[in-house]
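>>> sequence-free structure coming up:
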């Protein structure tokens with residue numbers, strides 16, 4: 001009986017949904033600030049920065065590991081690391097302990113599990129690589145939509161540290177179930193009815209990681225991916241704070257906080273949808289044109305956030321950023337396989353994904369470094385994010401320019 005390749009997609013969604021809970025750190029942040037009042041704003045940003053950086057760095061190693069032991073064992077190993085990391089974070093008494101648990105161990109676990117479904121889906125679906133890659137990582141965005149209200153409920157019910165403990169258990173079991181559905185595709189797998197594009201006999205199809213990083217196209221892809229993730233993660237990781245800065249004049253603090261949680265859920269929904277929609281568009285219009293459009297829309301959304309919109313305008317603008325950011329996570333693994341082949345996609349995308357980790361460090365750092373304290377009515381202090389938002393909008397425009405001028409369409413391999 002022929003293996004149903006859609007089982008891999010289901011497993012991918014289960015895994016990515018749990019890993020995507022990384023995006024709800026902005027829900028944890030106020031509770032952590034209350035639990036550890038001596039932690040500064042930079043201290044509170046550090047765990048989010050570290051988990052993103054370690055997540056990306058670990059993918060370089062886990063991509064190669066997955067090629068040796070398979071996606072199932074690698075994903076289970078990632079689940080174990082994430083479980084231990086959440087437990088260490090839940091028992092932490094100091095910032096260093098929390099960063100070790102949530103940032104380092106959690107980041108290793110997320111990176112190990114994240115690469116498995118992407119590589120598996122890219123090999124099982126050469127006929128619709130953009131759409132399936134987008135669908136596979138859609139769970140990563142949907143994880144925030146599902147886990148944000150659950151985390152808020154757990155925090156209100158049992159406190160932040162216990163909430164981290166039980167969320168860790170949920171993540172582990174969901175990833176473990178998803179891992180059991182993953183399977184390695186046969187070499188050069190081609191589904192019935194699909195004829196792969198014909199490429200010139202002299203054209204190189206499958207690059208090793210060392211060969212890939214020496215190419216000009218890799219440099220452009222890495223830099224633009226860095227720009228896009230810096231912009232998206234700066235907004236996502238500071239979403240509640242950006243909304244609070246806009247709504248600081250409101251007297252109902254509880255209503256402002258509730259709206260911030262709602263914004264996290266809404267942007268997570270846009271983030272998840274963007275992975276599927278942009279992936280599907282790229283299969284028809286081409287990756288390069290799709291990336292240019294996504295970067296331009298992202299820049300427009302960032303610019304509108306500076307205008308201090310009402311809540312629904314804020315949701316629309318932040319949602320546009322999340323929608324495009326989700327697209328980046330779908331388009332870059334697909335274009336990596338297009339340019340450098342699917343054979344070594346695990347290791348190759350791990351190297352390209354380092355741009356995500358760099359963006360995860362740079363974006364939040366930029367928000368903290370360029371934001372300004374301002375006085376509004378009744379001498380109330382708040383934080384303005386106008387400067388960092390303008391800065392990352394400029395990076396998105398630069399990325400669209402670079403793709404337009406330096407990347408040319410390739411035959412889909």
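Received, thanks. As the structure is a computational prediction, the values presented were derived from the model and not from experiment.
>>> C-alpha from now on. contacts and neighbour counts both.
Noted.
>>> Low-confidence ranges, the protein, go.
The chain contains residues with pLDDT under 70 at 1-2, 21, 23, 141, 195-204, 246-258, 260, 308-309, 371-383, 409-413.
>>> remind me, longest helix of it?
Longest helix of the chain, by residue count under DSSP state H: helix 253-285.
>>> Report the buried residues of that one.
256-257, 259-283 (16 or more other C-alpha atoms under 10 Å).
>>> try stretch 25-36
Buried residues in stretch 25-36 (16+ other C-alpha under 10 Å): 25, 26, 27, 28, 29, 30, 31, 32.
>>> Next step: these restricted to helices.
Under the assignment DSSP H, these contribute 25, 26, 27, 28, 29, 30, 31, 32 to helices.
>>> Now for residue 58, how many residues are close by?
Counted by other C-alpha atoms under 10 Å, the residues lying close to residue 58 total 24.
>>> Let me fix that, I meant to ask about residue 210.
Residues lying near residue 210 (other C-alpha under 10 Å) number 10.
>>> go on, the one 5 residues further on?
Neighbouring residues of residue 215 were enumerated by other C-alpha under 10 Å; the total is 11.
>>> can you give me phi and psi for it?
Backbone torsions of residue 215, given as degrees, to the nearest 10, read phi -90, psi 150.
>>> returning to what we had before: any idea which helix or strand comes after the longest helix of the chain?
As assigned by DSSP states H and E, the chain's next helix or strand after helix 253-285 is helix 287-305.
>>> Name the residues of that next one that are buried.
Using 16+ other C-alpha under 10 Å as the burial criterion, the residues of helix 287-305 that qualify are 287-292, 294-305.
>>> Please, where are all the strands along the stretch 301-413 of the chain?
Ranges of strands in the stretch 301-413 of the chain, per DSSP state E, counting those that start in this stretch, are 372-376, 380-384.
>>> neighbouring contacts of stretch 28-47?
95, 98, 99, 102, 103, 151, 155, 160, 364, 368 (C-alpha atoms under 8 Å, 6 or more residues apart in numbering).
>>> Please tell me how far the last one sits from residue 300.
Think residue 368. 22 Å (C-alpha to C-alpha, to the nearest Å).
>>> got it, and residue 100?
Residue 100 is 37 Å from residue 300, by C-alpha to C-alpha.
>>> ok, now residue 353?
According to C-alpha to C-alpha, residue 353 and residue 300 sit 25 Å apart.
>>> Residue 157 now?
Distance of residue 157 to residue 300, computed by C-alpha to C-alpha: 39 Å.
>>> and residue 297, what does it touch?
Counted by C-alpha under 8 Å, 6+ apart, residue 297 has contacts 320, 321, 324.
>>> what about residue 6, neighbour count?
Residue 6, neighbours per other C-alpha under 10 Å, totals 15.
>>> Then residue 3?
Applying other C-alpha under 10 Å, we find 9 residues neighbouring residue 3.
>>> quick one: it is in a helix?
No. Using DSSP: H, G, I helix; E, B strand; the rest coil, the secondary structure at residue 3 is coil, not a helix.
>>> Tell me how far it lies from residue 178.
16 Å.
>>> Return the residues in contact with residue 63.
Here residue 63 is in contact with 112, 115, 116, 346, 347, 348, 349, 350 (C-alpha under 8 Å, 6+ apart).
>>> Same list (those) but as TSV, adding distance to residue 233.
Shown next, in TSV, are the contacts of residue 63 (distance: C-alpha to C-alpha, whole Å):
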residue	distance to residue 233
112	20
115	19
116	22
346	23
347	23
348	22
349	19
350	18
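>>> biggest separation within these, which pair?
With distances taken as C-alpha to C-alpha, the most widely separated pair in those is 112 and 348, at 14.3 Å.
>>> Mind checking which of those two has more residues around it?
Comparing residue 112 with residue 348 by other C-alpha under 10 Å, the one with more neighbours is residue 112, at 31 against 28.
>>> Please name the nearest non-neighbouring residue to residue 225.
Excluding its sequence neighbours, the residue lying closest to residue 225 (C-alpha to C-alpha, 6 or more residues apart in numbering) is residue 355, at 5.9 Å.
>>> where along the stretch 301-413 of the chain do the helices fall?
311-340, 345-352, 354-370, 386-406 (DSSP state H, counting those that start in this stretch).
>>> what's near enough to touch residue 332?
Residue 332 makes contact with 221, 225 under the criterion C-alpha under 8 Å, 6+ apart.
>>> my bad, should have said residue 267
Residue 267 neighbours (C-alpha under 8 Å, 6+ apart): 145, 236, 315, 318, 319, 322, 323.
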